[in-house]
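Novice: Okay, here's the prediction I keep looking at, along with the sequence it came from:
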Amino acid sequence: MRHTFLALLLLAAAAVVLAPQPAFAQSGDVPRTAWGKPDLGGVWDFATLTPMERPAALAGQERLTEEDVANIVARSAQFTELLSERGVGGNTGTYDEFWFDFGSDVSADRRTSLVVDPPNGRIPDRTPTALERQTARRAYLAEHPADSWEDRNLAERCLVGFNSGPPMAPSAYNNVFQLFQTEDHVVILNEMVHDARVVPLDGRDGLDPNVRQWLGSSRGYWDGDTLVVETANFRDETNFRGVTRDMRLVERFTRADADTLLYEFTVNDPRTFVRPWTAEVPMALSPMPTFEYACHEGNYGLEGILGGTRAEEREAAAATRD
């Protein structure tokens, strides 16, 4: 089922090469707090059909043309209609297509990728050691797909959401987070797996390097009207796009206007990528609340994966005896 779901995500990204990613200019009339900082509070929706990387077919093209936009909108509508026609039980690898939310709008910016640096819109090459790690991991999983729950990814285990990060990267659904703000802290509450990052803004030191956390350790500060959050102390298992525990993440939150929050993140992990890279994601103010995502309630998928693997092992052992 996992492979089918990933295939659906790739299908959506390939069939709908959308482009909303503005480098918004900040307006002077953004809402402000009582202490004078831009008010970043609220529920922010970062669903988008813009792919993380620029598709090969659009190599060298930073913006979409009018014709591109028209084709994208048409294909997006066709894809949505297809999911609706299939309904519950359709062959999409899930039980209900209703929950998918890849986004629908093309922004005025019309970028062809979320990645803005390198300028080609592509994530940089991986280092030789990163490729070796990737090959070794795939070889292990081919032989040991589910020896225990620890062989499964963190999203299946309800430890870290597949889009909640850090960094936050649009995906299939639950592309929502809520930001709470005081003078000396901000809280980033993701709807996916309802994780909350409490980020001090008071200049305190980071955690000891030996202390490792699923979401890393974040510290923030203001750079003019932009909130900057720097995060380290990750675990190897966190593994955003194959990074190691040495990843240093810088996130920038800028209130572009009353209804838009520009989110930018830079990934720096020399053990994984040959150079740092940056993506920008515009987020829209949402009138909806965040909801509890009780991932472990009825998480029958993980139980089924492990139980099915044990059954296959028993069948194989019985065939050997025969």
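Specialist: Yep, it's here.
Novice: which residues of the stretch 51-200 of the chain fall in strands?
Specialist: Counting by DSSP state E, counting those that start in this stretch, the stretch 51-200 of the chain has strands at residues 115-117, 176-181, 185-190, 196-200.
Novice: hey, which of those is tucked in deepest?
Specialist: Sort those by mean neighbour count, taking mean count of other CB atoms under 10 Å, and strand 176-181 sits at the top with a mean of 20. No exception for glycine: its C-beta is placed from N, CA and C like everyone else's.
Novice: Alpha carbons of that one, as CSV, please.
Specialist: Output in CSV follows, covering the C-alpha atoms of strand 176-181 (Å, rounded to 0.1, in the frame of the first residue of the first chain):
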residue,chain,number,x,y,z
VAL,A,176,-1.5,23.2,8.0
PHE,A,177,0.2,24.7,11.0
GLN,A,178,-0.7,27.2,13.6
LEU,A,179,1.8,29.7,15.0
PHE,A,180,1.5,31.2,18.5
GLN,A,181,3.6,34.2,19.4
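Novice: So for the helix or strand harbouring residue 255, mean pLDDT?
Specialist: According to DSSP states H and E, residue 255 maps onto strand 248-257. Per-region confidence: strand 248-257 scores 97 on mean pLDDT.
Novice: other SSEs contacting that strand?
Specialist: For strand 248-257, the packing partners by 3 or more CB pairs under 8 Å, 6 or more residues apart in numbering; DSSP states H and E come out as strand 226-232, strand 260-268.
Novice: Can you add mean pLDDT and distance to residue 49 and give those strands back as CSV?
Specialist: Listed next are the helices and strands packed on strand 248-257 as CSV, based on pLDDT from 0 to 100; distance: least, CB to CB, whole Å:
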stretch, mean pLDDT, distance to residue 49
strand 226-232, 98, 26
strand 260-268, 97, 17
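Novice: ok so, going back, can the strands of the stretch 51-200 of the chain go into TSV with extra columns for distance to residue 239 and mean pLDDT?
Specialist: Compiled in TSV, the strands of the stretch 51-200 of the chain are given as follows (distance: least, CB to CB, whole Å; pLDDT from 0 to 100):
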stretch	distance to residue 239	mean pLDDT
strand 115-117	19	96
strand 176-181	20	96
strand 185-190	17	97
strand 196-200	18	96
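Novice: show me what contacts residue 290?
Specialist: Each residue near residue 290 by CB atoms under 8 Å, 6 or more residues apart in numbering is listed here: 43, 176, 177, 178, 189, 191, 194.
Novice: sorry, that was for residue 193
Specialist: Per CB under 8 Å, 6+ apart, neighbours of residue 193: 155, 158, 159, 160, 161, 164, 293, 295.
Novice: Next: residue 285.
Specialist: Residue 285 makes contact with 42, 43, 44, 45, 258, 259, 260, 261 under the criterion CB under 8 Å, 6+ apart.
Novice: which residues touch the last one?
Specialist: Under the criterion of CB under 8 Å, 6+ apart, the neighbours of residue 261 are 40, 42, 44, 179, 253, 254, 255, 282, 283, 285.
Novice: how many neighbours does the residue nearest to the fourth one when sequence neighbours are not counted have?
Specialist: I take that to be residue 179. Closest residue to residue 179 apart from its sequence neighbours, by CB to CB, 6 or more residues apart in numbering: residue 40 at 5.1 Å. The number of residues packed near residue 40 is 21, by other CB atoms under 10 Å.
Novice: how about low-confidence regions in the chain?
Specialist: For the chain, the stretches flagged by pLDDT under 70 are 1-28, 76-77, 79-98, 103-108.
Novice: do that again at 80, thanks
Specialist: 1-28, 49, 68-109, 239, 296-299, 322 (pLDDT under 80).
Novice: Would you confirm that residue 113 contacts residue 49?
Specialist: No. Contact criterion CB atoms under 8 Å: residue 113 and residue 49 do not qualify, at 11.7 Å.
Novice: Just put the helices and strands packed on strand 248-257 in TSV and tack on distance to residue 309.
Specialist: As requested, these are arranged in TSV below (distance: least, CB to CB, whole Å):
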stretch	distance to residue 309
strand 226-232	35
strand 260-268	33
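Novice: Can you check which of these gets nearest to residue 202?
Specialist: Checking these against residue 202 by CB to CB gives strand 226-232 as the closest, at 13.5 Å.
Novice: among the helices and strands packed on strand 248-257, which is nearest residue 127?
Specialist: Here strand 260-268 is closest among these (CB to CB), at 12.8 Å.
Novice: That closest one vs strand 176-181, what angle?
Specialist: Angle of strand 260-268 versus strand 176-181, following axes from the mean of the first three to the mean of the last three CA atoms, to 10 degrees, is 100 degrees.
Novice: and strand 260-268, which strands flank it?
Specialist: Strands flanking strand 260-268 in the sheet, each with its direction: strand 248-257 (antiparallel), strand 277-285 (antiparallel) (DSSP bridges).
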